[in-house]
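Asks: turn this into a structure:
(one chain, ligands or ions: 1)
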Amino acid sequence: MMLRIEHLGIAVRNLQQANRLFEALLGTASYKEESVEREKVTTSFFKVGGSKIELVEASDSESPIAKFIEKKGEGIHHVAFEVEDIRTAMDRLKEQGFELLSDEPKSGADNKLICFLHPKSTNGVLVEICQEIR
Ligand code: ZN
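Replies: Alright, predicted model coming up:
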């Protein structure tokens, strides 16, 4: 079972500009910026109640985020659901017929283990499942 929407990921062209905009929009400053080398992204996190907004900027033209923005423009990139145990969740989703984008959990930003589901198996929505690293 998914515990909650942990965050919404938003693809942005310019992280510093988007930071200022979301700071004004949400009335709170980003609490963390973090680069994820392996994914070729730089991220920035805002708390919104019990959930978060993750701004994601490509750090390289080969980044999946750069390709996403090229194709679709800026905007909502993924929905991330928190799970108690990511391996259990991955097994359950695989059994349900969802296509996972990795066989093993990967380490993501903000102290998380993550796995993405292919949008073609989720009505066009890129879904991330994540588990806090304890
Ligand atoms: Zn995310």
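Asks: for the lengthiest helix in the chain, packing partners?
Replies: Ranked by residue count and defined by DSSP state H, the top helix of the chain is helix 15-26. In this structure, helix 15-26 packs against strand 41-48, strand 51-58, with contacts taken as 3 or more CB pairs under 8 Å, 6 or more residues apart in numbering; DSSP states H and E. For every residue, glycine as well, the C-beta is placed using N, CA and C.
Asks: what's the first helix or strand after the last one?
Replies: Right, the one you point to is strand 51-58. Following strand 51-58 in sequence order, the next helix or strand is helix 64-72 (DSSP states H and E).
Asks: give me the sheet partners of the helix or strand following that following helix and which way each runs.
Replies: Following helix 64-72 in sequence order, the next helix or strand is strand 75-82 (DSSP H and E). Looking at strand 75-82 with DSSP bridges, its partner strands are strand 4-12 (antiparallel), strand 127-132 (parallel).
Asks: strand 75-82: which residues count as buried?
Replies: In terms of neighbour count (16 or more other CB atoms under 10 Å), strand 75-82 has its buried residues at His77, His78, Val79, Ala80, Phe81, Glu82.
Asks: spatially nearest residue to the fifth one, not counting backbone neighbours?
Replies: Spelled out, that is Phe81. Closest residue to Phe81 apart from its sequence neighbours, by CB to CB, 6 or more residues apart in numbering: Met2 at 3.9 Å.
Asks: ok, that neighbour to Phe45 distance?
Replies: Distance of Met2 to Phe45, computed by CB to CB, to the nearest Å: 19 Å.
Asks: how about Glu37?
Replies: Counting by CB to CB - Glu37 and Phe45 are separated by 17 Å.
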